[in-house]
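# Here is a sequence with its predicted model. Questions after.
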Amino acid sequence: MRLACRLLLLLSMGLPPMPAAATDGERRVVDPALLATIVDDEANPLPRGLSAEEKARWRLPIPALLDRNPPPGPVRAQAEYEENDGLLIRWGTQNALLTEMTVAVTTLTADARMYIVVSGASQQASATSTLQSAGANLSRVSFITAATDSVWIRDYGPRFVDHGGQRAIVDHTYNRPRPNDNAFPSVLANLWGEQRFLMPLNHGGGNFHLFATRRAFMTELIVNENPSLTAAQIRDLYQTYQGLDVGITTPFPASFDSTQHIDMWTLPVDDDEIIVGSYPSSVGTPAAIADDFAAARTADGMTVWRTPGFRSGSTHYTYTNSVIINNLVMLCRFNGFDVQNAQARAVFEQAFEDKTIVQVDCSSIISLAGAIHCIVMHVPRIIEGLLFRNGFE
């Protein structure tokens, strides 16, 4: 834990007073006028949830009937706040946001890379031109050509683990009827020459957060989408495939957050710290769920930070859906919510006092039930000796 201001836990509700005004230049790394000129490649992008057409035909598969392919030896899943080689993203929709993030990662971190999935040479050329004009360091951009369906790579992308000192991929059945997305981890395993272990679960990867202590959390969505398995069996699968002790907690009601994913209201900071959304009591159940979870983590001995969470119109706004990548933290910013943006930034500056905080414009994506954590997948850097950290084998 850190000292002084952390012990105050940012007033009784976890939120700080308004900080001194920060200029736009301190919050942005790409000229907003340039970002406004960037267009997407797809006119009708898929939401994070099911589209109307998908809802009409979707039935959950039964992955538990698949042959299990567990790692033959010990594995370690790496926390997002640990050292990473880079981030995986998928180009095509939210291109302005992806540009803003790519510039930040390739210019403000020491050596992190952006691995960008494109559909082919034409899209790669277009992305290269856009990123170059925005000021990205293209020497730290690698392109991957593969067929995909959507931008939500956190949910369908590969979950990397340390398997005997080598990076490997744990794969699950994507909980959306999107065959190209679901196949992507297998495609990437072949391209990169990495082992792939098939985990028999329906899952969306945003419903998952873990700590380097091998503790992890998910909501009960994981049980609801795998009716042939008990919660205990699911926990056993995570122990076998990723070396994790998973806690399963209550989800927000789907009427408030359609994804029911835990990354929409929590974010691990380090081994004994976590950010949890703080919701007005007027929203009812979501506020109670978040407060109870925060209280339980405090009882565990963790420092709990709170950032604003709220609903405006039909949209759930959250600041926990942010991205840590080595010395950089990318935090959401929403048009029209200057007070909440400043409150969240003040919390992040204290929670991540040794990192650079950059706010990126998530105004266009948040109405699709996700933000920047949902559109990246961390690619860890395997470090010798970490497999057996904290005495786990």
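Great, that's in hand.
# Give me the secondary structure label for the nearest residue to A112 once chain neighbours are set aside.
Once flanking residues are discounted, A112 sits nearest to G86: 4.8 Å by C-beta to C-beta, 6 or more residues apart in numbering. Placement of C-beta: from N, CA and C, glycine included. Per DSSP: H, G, I helix; E, B strand; the rest coil, the local secondary structure of G86 is strand.
# G86 touches M114, doesn't it?
Yes - counting by C-beta atoms under 8 Å, G86 does reach M114; the two are 5.9 Å apart.
# For P158, give its distance to A134.
27 Å (C-beta to C-beta, to the nearest Å).
# Please identify every residue contacting each of G86 and M114.
Residues touching both G86 and M114 (C-beta atoms under 8 Å, 6 or more residues apart in numbering) are V105, R140.
# Around E353, how many other residues sit close by?
By other C-beta atoms under 10 Å, 11 other residues sit near E353.
# I meant to write D271 there.
Every residue meeting other C-beta under 10 Å relative to D271 is counted, giving 16.
# where exactly do the strands run in the stretch 1-150 of the chain?
Per DSSP state E, counting those that start in this stretch, the stretch 1-150 of the chain carries strands over the ranges 75-77, 84-90, 113-118, 141-145.
# Quick one, which of those gets closest to T213.
Among those, the nearest to T213 by C-beta to C-beta is strand 75-77 (11.1 Å).
# Report all helices and strands that the closest one contacts.
strand 159-163, strand 166-174, helix 231-242 (3 or more C-beta pairs under 8 Å, 6 or more residues apart in numbering; DSSP states H and E).
# from these, which stretch is densest packed?
Comparing the helices and strands packed on strand 75-77 by mean neighbour count (mean count of other C-beta atoms under 10 Å), strand 159-163 ranks first with a mean of 24.
# follow-up on the earlier one: okay, P158 and A134: which has more neighbours?
P158 (25 against 19).
# Could you tell me which residues make contact with the more buried one?
Contacts of P158 by C-beta under 8 Å, 6+ apart are L88, I169, V170, D171, F184, P185, L188, A189, R196, M377.
# leaving aside the residues next to it on the chain, what's closest to D31?
A134 (8.0 Å).
# same deal with G243?
Nearest residue to G243 in three dimensions, chain neighbours excluded: V75, at 4.7 Å (C-beta to C-beta, 6+ apart).
# bridging residues for that neighbour?
With DSSP bridges as the criterion, V75 is bridged to H163.
# Model confidence score at it, please.
Predicted confidence (pLDDT) for V75: 94.
# I'd guessed it sits against R159; true?
No - applying C-beta under 8 Å, one finds V75 not in contact with R159, separated by 10.5 Å.
# Give me the common contacts of those two.
Common neighbours of V75 and R159 (C-beta under 8 Å, 6+ apart) are V170, Q242.
# could I get the helices and strands packed on strand 75-77 as a markdown table with mean pLDDT and distance to A212?
Shown next, in a markdown table, are the helices and strands packed on strand 75-77 (pLDDT from 0 to 100; distance: least, C-beta to C-beta, whole Å):
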| stretch | mean pLDDT | distance to A212 |
| --- | --- | --- |
| strand 159-163 | 96 | 11 |
| strand 166-174 | 95 | 16 |
| helix 231-242 | 96 | 13 |
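# In TSV: those, plus distance to A125.
Shown next, in TSV, are these (distance: least, C-beta to C-beta, whole Å):
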stretch	distance to A125
strand 159-163	29
strand 166-174	28
helix 231-242	37
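# what about these, which gets the closest to S312?
Nearest of these to S312, taken as C-beta to C-beta: strand 166-174 at 29.2 Å.
# on that earlier part again, which residues touch the residue nearest to D31?
Going by C-beta under 8 Å, 6+ apart, A134 touches V30, D31, L34, L35, I38, T99, E100, T102, V103.
# And those, which of them are buried?
V30, L35, I38, T99, E100, T102, V103 (16 or more other C-beta atoms under 10 Å).
# which one of the residues you listed is nearest G49?
E100 (23.9 Å).
# I'd like the distance between the closest one and G73.
Distance from E100 to G73, counting by C-beta to C-beta: 40 Å.
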